[in-house]
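Output the structure for:
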Amino acid sequence: MVGLRRLFLIAIVAFYVNGASFAQTETIADFFPEFEYIESNGPAEGYFFMGSKGLTASNASHYITIIDNYGTPVFFRKMNKATSSVRLLDDGRIAYLNGVPRKFYILNEMLEVSETLSVEGYKPNGHDWDISDDGHVLLMGEVSKTIDMRELVEGGDSLAEVLDLIVQEFDENQNLLYTWNSADHFEITDGNENSSYLDFTESQIDYVHANGISIDSDTSFLISCRHMEEITKVDRRSGEIIWRLGGKNNQFQFINDSLGFSHQHSIRALNNGNILLFDNGNLRIPQLSSTVEYSIDEQNKTATLLKRIYRNPAVYSNHQGTTQRVYNGNTIINWGPYWPSITEFHPDGTPALEWDFTKHSFCPRTEKFIWQTKVFQTSLDSVDFGVWESDTLIQSVWVKNNTNVDLEINTVEKRTAFFYVQNELPIIVSPNDSVEMKIGFNPESSETGFFNDVLTIASDSETQRIARQIKVSGQKQDNISPSASILSESTEVPLNSFIQIKFTEPIKTYVGQVLDYSSVDSFVIFKTHNSEGENVAFNASISSDKTVVTIYPETELNETQVYYLSLKNGLADYSDNQLIPFEGEISTFITGIFESIKMDSKIRIFPNPASSLIIIQNEGIEYSLKIFNFNGTLLKQSELRGELLNKIDVSDFESGVYVFVFESINDKITKKIIITQH
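Predicted coordinates for the structure are as follows:
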């Protein structure tokens, strides 16, 4: 995969000025996170709000940013200190935690700091915050006390420093209403001594380790107590505990869920009354992380599991991690500092979007909202040029400056070569004034007939970007019917894999319906053996550019089985040329990659995970080796002639999960290898 930021910089470094291009010097774009774009299948509209807690690239700077679904920032500000929990408020302002110690900040609609707030009298806890509909803010803090733990546990420290959780609520005028202290409601031994982060005999004991807080109603809030493995509901009026879910003091019966949750993060009360949390899974075997949604019956004390979302292949985040339910029903999971950084899921569990920026930085919380800056605005948010015939088409869009200082539009980013801004840059817009900006469309060089793009109109400085986006689209008549093929160099796939069908150009239905994850399933035929075989249950999604359909079987495929794939009639390109009939076959490996495989005693692979070199050690046996990525594409193959050590260079592989298949005359062995490039 190529980092999208590199593609975007093409548009920054060389853009058109009356037909000519000119080079631009280093800009704020050099500090943007560089994304490995893994998958995009029609994610929810909106922007990701993020703030950096950790940096991994040598030239990276701490930041707060608002980024679109393609990785382009529409707001980016360099920060001197770590930032977390960046979120859009209902009134359009932006709030976040920043600095050491953490303080709570609010940006007004002009993106200026308008309010700050701190925990009073205690050390701040920088994990999370929440705000009510009436503007009341909940902040977390902590306080230490010295306890003789010998009185509570054998071998305890006589001068142990114990951390208690503090919760403070402030009204809309920043007046402190109350302070809630966990010491008044929890026992130190409520912590789970099986946690690798908690030992009652040590000199420091963090028995609660609260990492999430959520306003549940006008009269209550929820807290996530990681080291207690508990979600606690607290009365905001009296401070008394209403109920306890999970942990040693669990009051609920779990229904449809034999796992529960372990060392969780990111508790959120949903609008439907359910609760959503990120289950790290530390104290379970196997250790896998997921998002879980529970329906809570407070009267009968039941917690019914409605949904548990894993990634495939699964991810384990032993710390950090957050989740959010988006307005359209999608679910976002931030995997903490682990690969991949973010996955957005459709309601049916298929991935809508996935990207990774672990080589650049780490953001502890990622949430998506619908947003546009008010610093400046454009007269149109979208432009449809219609059908192009011969000459360049031009549309005018007016840019209005809503500030009392000059606005300089000095960067225009795009993803294709068919749309451009005709004005010479920079465009200077006087205070409270408007300037005409001309957008051009010319698809003459393209062989296909449908085009869309997003123009990011940005005011960049040395420390900040403020931008708005304009969606642009157009068509060009073509008479070539699209075709489809299985997207793989090999028709062999792992049992738990997905299958992809690639189109030569974007497709829709012949009657003009835009395809998405909920409608594309009806056009896919997936059967065992051949066209007369049994139907295979699956979910499917279609890429954002409408050129790839991904099929996710609902259950593991059968061993050494041939499967039949085809597409029903009714699909066409955007010039209404019908899709050439398609059918194809795939076959499965003898062993699924998630099965527990006992490797032959005569072969050993190390290291795993690996980064650049894999060593294969065997005892003189001749094997053939095939290396597949997770969607079944054959990447490498070779014959191992019985050498004691074989070195396989994987330095050019992207980070991810790969399948190594060894085959001799009498045996076949499959091994899952994780490759992480730093």
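
which ones are touching the residue nearest to Asn577 when sequence neighbours are not counted?
With sequence-adjacent residues excluded and distances taken as CB to CB, 6 or more residues apart in numbering, Asn577 is closest to Ser481, at 4.3 Å. (Glycine included, C-beta is placed from N, CA and C.) When contacts are counted by CB atoms under 8 Å, 6 or more residues apart in numbering, Ser481 touches 573, 577-580.

Can you tell me which of those residues is closest to Pro313?
Leu579 (31.5 Å; CB to CB).

Report whether the expected contact of that closest one with Ala484 is present.
Yes: assessed by CB atoms under 8 Å, Leu579 is found in contact with Ala484 at 6.5 Å.

in a helix, that's where the residue nearest to Asn577 is, yeah?
No: using DSSP: H, G, I helix; E, B strand; the rest coil, the secondary structure at Ser481 is coil, not a helix.

what's the spacing between the residue nearest to Thr366 when sequence neighbours are not counted and Asn80?
Among residues not flanking Thr366 along the chain, Asn334 sits closest, at 4.3 Å (CB to CB, 6+ apart). In this view, Asn334 and Asn80 are 23 Å apart by CB to CB, to the nearest Å.

hmm, back to that, got a list of what the residue nearest to Thr366 touches?
Applying CB under 8 Å, 6+ apart, we find Asn334 in contact with 278, 320-323, 341-342, 363-366.

please redo it, this time with the cut-off set to 6 Å
322, 342, 366 (CB atoms under 6 Å, 6 or more residues apart in numbering).

which one among those gets closest to Glu172?
Closest to Glu172, out of all of the contacts of Asn334 and judged by CB to CB, is Thr322, at 26.2 Å.

returning to what we had before: which of the contacts of Asn334 has the most neighbours?
Neighbour counts for the contacts of Asn334 (other CB atoms under 10 Å) peak at Thr322, which has 29 neighbours.

and the spatially closest residue to it that is not a sequence neighbour, helix, strand or coil?
Using CB to CB, 6+ apart and skipping residues adjacent in sequence, the residue nearest Thr322 is Ser266, 3.9 Å away. Following three-state DSSP, Ser266 is assigned to strand.

Just to check, Ser266 is in contact with Asn211?
No: Ser266 lies out of contact with Asn211 (CB atoms under 6 Å); the separation is 7.6 Å.

Can you spell out which residues form a bridge with Trp398?
Glu436 (DSSP bridges).

returning to what we had before: any idea how far the residue nearest to Thr366 lies from Asn423?
Note on Asn334: its distance to Asn423, by CB to CB, is 38 Å.

which strands and helices sit next to the strand or helix carrying Val412?
Here Val412 is covered by strand 411-413, with elements defined by DSSP states H and E. Where contact means 3 or more CB pairs under 6 Å, 6 or more residues apart in numbering; DSSP states H and E, strand 411-413 is packed against helix 4-13, strand 450-460.

in its sheet, what does the last one sit against?
If I follow you right, that is strand 450-460. Strand pairing for strand 450-460, using DSSP bridges, gives strand 411-413 (antiparallel), strand 464-476 (antiparallel).

can you tell which of the ones you listed is closest to Phe419?
With CB to CB as the criterion, Phe419 lies closest to strand 464-476 of the strands paired with strand 450-460, at 4.8 Å.

What are the buried residues along that closest one?
465-470, 472-476 (16 or more other CB atoms under 10 Å).

what's it in contact with?
For strand 464-476, contacts defined as CB under 6 Å, 6+ apart pick out 28, 73-77, 373, 375, 378, 382-385, 387-388, 419, 441, 443, 449-459, 574.

Next SSE downstream of it?
Where DSSP H and E defines the elements, the next helix or strand beyond strand 464-476 is strand 484-486.

what's the helix or strand just after that next one packed up against?
Next along the chain after strand 484-486, taking DSSP H and E as the criterion, comes strand 492-493. Judged by 3+ CB pairs under 6 Å, 6+ apart, strand 492-493 is in contact with strand 583-588.

Run me through the strand neighbours of the strand it packs on, direction for each.
Sheet pairing of strand 583-588 (DSSP bridges) gives strand 492-493 (parallel), strand 562-567 (antiparallel).

Dump the ones you listed to a markdown table, plus distance to Ser519, mean neighbour count and mean pLDDT.
Output for the strands paired with strand 583-588, formatted as a markdown table (distance: least, CB to CB, whole Å; neighbours: other CB atoms under 10 Å; pLDDT from 0 to 100):
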| stretch | distance to Ser519 | mean neighbour count | mean pLDDT |
| --- | --- | --- | --- |
| strand 492-493 | 24 | 22 | 74 |
| strand 562-567 | 13 | 19 | 94 |
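
Turn the ones you listed into TSV, including distance to Glu193.
Formatted as TSV, the strands paired with strand 583-588 follow (distance: least, CB to CB, whole Å):
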stretch	distance to Glu193
strand 492-493	44
strand 562-567	49
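
among the ones you listed, which is nearest Tyr658?
Across the strands paired with strand 583-588, closest to Tyr658 is strand 492-493 (CB to CB), at 13.4 Å.

Can you give me the buried ones in the helix or strand just after the closest one?
Counting by DSSP H and E, the element after strand 492-493 in chain order, helix or strand, is strand 499-503. Neighbour-count burial for strand 499-503 flags 499-501, 503 (criterion: 16+ other CB under 10 Å).

Show me the contact partners of strand 499-503.
With CB under 6 Å, 6+ apart, strand 499-503 has contacts from 482, 484-485, 487, 547-551, 631.

Let me see the mean pLDDT of the helix or strand just after it.
Downstream of strand 499-503, the next assigned helix or strand under DSSP H and E is strand 508-509. Strand 508-509 comes out with an average pLDDT of 96.
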